[in-house]
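Colleague: Here is a sequence together with a model predicted from it:
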Amino acid sequence: LGLAEGILAALRGLRTVQQLAAAGSLRRMKETVKDIDILVTSTSPARVMEVFVGLPNVAEVLAHGETKSSVRLREGIQVDLRVVPPDVWGAALQYFTGSKEHNTKLRGRARKMGYRLNEYGLFETSSSSSEDEPADPLAGRRLSLASEEELYGALGLQYIDPELREDMGEIEAAEEGKLPALVRLEDYRGVLHCHSTWSDGRTSIAELAEAAMVEWKWEYLAICDHSQVATYANGVKIEDLRRQHAEIDAINRKLQPRGFQVLKGCECDILADGSLDYPDEVLKAMELVVVSVHSRFQMSEEEMTERLIRAIRHPYADILGHVSGRLLLARDAYAVDYQRIFEVAAEWGTIIEINGDPNRLDLDWRLCKRAKEMGIKFAVNPDAHSREGLANVKYGINVARKGWLEPADVVNCLPLEEFKSLIHKLRKRKLEKLK
């Protein structure tokens, strides 16, 4: 994403560039991408191509044409650039964004309405015309559509956000006017699950708080350092928690008059039997507890499911962290029965984390919609280990959007007092169920 943003910034500086956007799986915010697709309209395509192939991080020019060029960056990824005429921008952006499955269904809808849809536009056609593309892709009268919004509107649909275009019910929902108003970064008010120098973080609590308040304009931050069993991550020993909490109190005395608060929390390890690393009296004193698995990933599906269920039912387990344990392109998710996990989380009110660390992006977006429909609330967390790591929230929001989530589904969108009240009610509900 950062590489694409850098290229877009370089091209945006050209006077002859009119419109530009990333397309393909990157625009749909897939968790992994094979290449980067960029679409541009320009009055001087040759100049755009010249600048593109000459970018400083281009390692190899794979193709250099008048309207399409491809390069391989030093970082190893291929980037394809297309320049299209302004009058086909909306159709081209929709087409090259995909997904293939979404586009196939959209073209079928257009055909039933007496149109033909392709990368060049939406064309009127006779009802008796073949389903095959004509020899001339520009055959027929083209509707004047300046944008994707107008294209979807011409097909009787709400505008469908790129993240949703995976043929997972979005076209049907758009037809009924029932698409979600997706959560945005601007809706985000409080950052949770951050690690400081008290465990394996590289930034102090004070620095994290200042960055969250000044740079990101958030209202609260929860410090969730690792628990004591996580010796590999310098987990915080019980006897050190009092000093950490005193430090947070001192920071809050300075920041609360400025409308910001640091919450005392932890990321508590879920042990092999499903119990938690800290005793209840320690967890009770925390304002937020994220519980996560960091060991014994090779358990059977039944064993891992029961391990997580026991943790979910714990009265002070507020958020279940990085549910699958996956590391993208490095470690597969462990075996677990997600349906059962979601059923128990919904019953007990435990919040499910969307971990925005770009190496995790966990919960998988494909599972978010199912969990949402079961009444589960989510926490979009950066799992930040530095000041820079706070930016992981952006990636978590992308996952949430791709999973059909709205602000009401994400607890970080709550004002501080409402968030604290939610956690209080959650714990009270759990304790009553355990009586």
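Modeller: Good, I have the coordinates.
Colleague: Leu26 versus Gly98, what's the distance?
Modeller: Between Gly98 and Leu26 the distance, using Cβ to Cβ, to the nearest Å, works out to 10 Å. No exception for glycine: its C-beta is placed from N, CA and C like everyone else's.
Colleague: Kindly report the same for Glu150.
Modeller: If you go by Cβ to Cβ, the gap between Glu150 and Leu26 works out to 23 Å.
Colleague: what's the answer for Leu414, then?
Modeller: 30 Å.
Colleague: Tell me where the chain has strands.
Modeller: 17-23, 35-42, 58-64, 68-73, 78-83, 115-118, 121-124, 190-194, 220-226, 261-269, 288-292, 319-320, 351-355, 378-381 (DSSP state E).
Colleague: So in that sheet, which strands flank the second one, and in what orientation?
Modeller: Note on strand 35-42: by DSSP bridges, its sheet partners are strand 17-23 (antiparallel), strand 78-83 (parallel).
Colleague: Just to check, Glu207 is in contact with Glu388?
Modeller: No: Glu207 lies out of contact with Glu388 (Cβ atoms under 8 Å); the separation is 11.0 Å.
Colleague: Which one of those two is surrounded by more residues?
Modeller: Glu207 (15 against 12; other Cβ atoms under 10 Å).
Colleague: What is the burial count for the residue lying closest to the more buried one once chain neighbours are set aside?
Modeller: Among residues not flanking Glu207 along the chain, Arg387 sits closest, at 5.8 Å (Cβ to Cβ, 6 or more residues apart in numbering). Neighbouring residues of Arg387 were enumerated by other Cβ under 10 Å; the total is 18.
Colleague: So that it lines up with my notes, have the first residue be 887 from now on.
Modeller: Done: numbering now begins at 887, and the last item shifts to Arg1273.
Colleague: I'd say Arg1273 and Ala1098 touch.
Modeller: No: judged on Cβ under 8 Å, Arg1273 makes no contact with Ala1098 at a distance of 9.0 Å.
Colleague: From Asn1120, how far out is Ser928?
Modeller: 52 Å.
Colleague: Which one's more surrounded, the two?
Modeller: Ser928 (22 against 16).
Colleague: Endpoints of stretch 964-983, how far apart?
Modeller: For stretch 964-983, the separation between the terminal residues is 16 Å (Cα to Cα, to the nearest Å).
Colleague: Kindly report the same for stretch 909-927.
Modeller: End residues of stretch 909-927 are separated by 13 Å (Cα to Cα).
Colleague: Let's test this: mean pLDDT of it, rounded?
Modeller: What stretch 909-927 shows for mean pLDDT is 97.
Colleague: and if you look at stretch 1281-1298?
Modeller: 98.
Colleague: Can you list the buried residues in that stretch?
Modeller: By neighbour count on 16 or more other Cβ atoms under 10 Å, the buried set for stretch 1281-1298 is 1281-1293, 1295-1298.
Colleague: Okay, and which of those map to helices?
Modeller: Tyr1281, Gly1282, Ile1283, Asn1284, Val1285, Ala1286, Arg1287, Lys1288 (DSSP state H).
Colleague: For Gly976, which residues are in contact?
Modeller: By Cβ atoms under 8 Å, 6 or more residues apart in numbering, the residues touching Gly976 are Leu1031, Ala1032, Ser1033, Glu1034, Glu1035, Glu1036, Leu1037.
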